[in-house]
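[1] Need the 3D shape of this:
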Amino acid sequence: MSTTTRVSDATGRITLRRRQGRRRRWLVITLTAVVVALLAGAGWLVLGSEVWGVRTVEVTGNTLVNADDVRRLAEVPAGRPLVRVDLDAVATRVAGLPPVRAVQVARVWPNTISIQITERTPLYAIETPGGYWIADEQGVVFRSASDPGDLMVASVPSGDARVIRDLGTVLGALPAGLRGKVQRLSADSADSIVLHLSGGTRIVWGSAEESALKAQVVVPLLKQDGTVFDVSAPSNPTVR
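    The predicted model follows:
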């Protein structure tokens, strides 16, 4: 084979490789453009399109609060893409409803925002001139009523929010058996909480401090004869 033929063959192979390289580069560029376009389309579909936008705000767990009130307070715009809904902000707004103790907000694809509510449980009623305030075990007043129903009634003449919360602390510390015997509560101040049982028996509780210890002390103390059981100083209880 002549030198001219060998040079010609080498030149042909180089030209072929160059063409193949150009094709590969164009293929890579084309595939990259397609992937970018698909990602851009998917991003728009999720972030900017109403295809995955809010169509339903589902409220569950509510009995004391109206579902429409929850939706109104949640302020979730119809059509807003689910991924752009600030779930924490929605939960914070809904938690502002007094009967709501806890709230969980979630995205349910493709078109629903779920709001699950845990409501406060009534524990006692506070007498007021116009009716009753209903409070839970944390001493949080969350609604009013004209009648206390079966709830234990508390007398707090001052209406002091701290005293009302302290009553919740005291009741929460009581064993279930003892709590069931308490007919009413009274507290002229934060340091003068009294539990009234049937037959005129009274438990002088004092303040809400050391309520867990006072609950332990008072149970065996009630087995003694007497009508007034004073555990305001739990290390030195008295009976008379």
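
[2] In the chain, what helix or strand scores lowest on average pLDDT?
    None of the helices or strands of the chain scores lower by mean pLDDT, DSSP states H and E than helix 3-47, at a mean of 54.

[3] can you count the residues close to residue 92?
    Residues near residue 92, counting by other C-beta atoms under 10 Å, number 12. (C-beta placed from N, C-alpha, C; glycine too.)

[4] Does it lie in a helix or a strand, and which?
    Per DSSP states H and E, residue 92 falls inside helix 87-94.

[5] Might you report the residue contacts of the closest residue to residue 141 other than its chain neighbours?
    Nearest residue to residue 141, sequence neighbours excluded (C-beta to C-beta, 6 or more residues apart in numbering): residue 133, at 4.5 Å. Shown in contact with residue 133 (C-beta atoms under 8 Å, 6 or more residues apart in numbering): 125-126, 141, 143-144, 164.

[6] SS state for residue 133?
    Under DSSP: H, G, I helix; E, B strand; the rest coil, residue 133 falls in the strand class.

[7] that older thread, what's the angle from the following helix or strand past the helix holding residue 92 to helix 87-94?
    As assigned by DSSP H and E, the chain's next helix or strand after helix 87-94 is strand 100-108. On the basis of axes from the mean of the first three to the mean of the last three C-alpha atoms, to 10 degrees, strand 100-108 is oriented at 150 degrees to helix 87-94.

[8] Please name every helix or strand in contact with the next helix or strand after strand 100-108.
    Downstream of strand 100-108, the first helix or strand assigned by DSSP H and E is strand 112-119. Judged by 3 or more C-beta pairs under 8 Å, 6 or more residues apart in numbering; DSSP states H and E, strand 112-119 is in contact with strand 56-60, helix 67-74, helix 87-94, strand 100-108.

[9] Would you tell me which of those gets closest to residue 202?
    With C-beta to C-beta as the criterion, residue 202 lies closest to strand 100-108 of those, at 31.6 Å.

[10] any idea how far that closest one is from the chain center?
    Distance, stretch centre to chain centre, for strand 100-108: 6 Å (C-alpha atoms, centre = their mean, to the nearest Å).

[11] same deal with stretch 159-169?
    22 Å.

[12] How about residues contacting it?
    123-124, 126, 128, 133, 135-141, 154, 156, 185, 187, 189-190, 193, 207-208, 211.
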